[in-house]
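1. okay, structure incoming, though there's no sequence with it:
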């Protein structure tokens, strides 16, 4: 068993659910008119999750659509909160939750590389020596200088 100070992320008995409204009203007038008819159900996305990730470990979340991967990342990043249980983070974490998250769609791929690097405190002089490796890793070599919104 790992020591407490060796744990970077600890999730204990965590449950997350969402309320699903069946009758969606788009205008205030519709909401008021349908006040009594608005049906809602609870949808449990994650139930009684327990997870310990040690410092220095790499973890991949794998699962079918709707299995709760993005929800867990949002919980870990405190974008949303659990109904039950605890999440303890020892240190600093960040994750790219959605494909395209953190990208400016009007910037080119190359401009996005520099922009995102600057958010981590890296300047052009830090990125220039490794830009070719980043572009190769992205597999977007021939499209790197076109706006991200044109990527499929």
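-> Thanks, I have it. On a predicted model such as this, the values are computed, not experimentally measured, just so you know.

2. can you list the weak-confidence ranges in the chain?
-> Under the criterion pLDDT under 70, the flagged ranges of the chain are 1-2, 4, 21-38, 94-101, 152.

3. mind jotting down where the strands sit in it?
-> All strands of the chain, identified by DSSP state E, fall at 7-21, 40-54, 84-89.

4. nearest to residue 71, of those strands?
-> With respect to residue 71, and counting by C-beta to C-beta, the nearest of the strands of the chain is strand 40-54 at 4.9 Å. For glycine as for every other residue, the C-beta is placed from the backbone atoms N, C-alpha and C.

5. and the closest one, which strands flank it?
-> Paired neighbours of strand 40-54 in the sheet (DSSP bridges): strand 7-21 (antiparallel).

6. can you give me the angle the strand it pairs with makes with strand 84-89?
-> Per axes from the mean of the first three to the mean of the last three C-alpha atoms, to 10 degrees, the angle that strand 7-21 makes with strand 84-89 is 140 degrees.

7. so which elements touch the longest helix anywhere in the chain?
-> When the chain is parsed with DSSP state H, its longest helix is helix 109-119. Helix 109-119 sits against helix 124-127, helix 131-138, with contacts defined as 3 or more C-beta pairs under 8 Å, 6 or more residues apart in numbering; DSSP states H and E.

8. in terms of secondary structure, what does the last one contact?
-> This means helix 131-138. helix 109-119.
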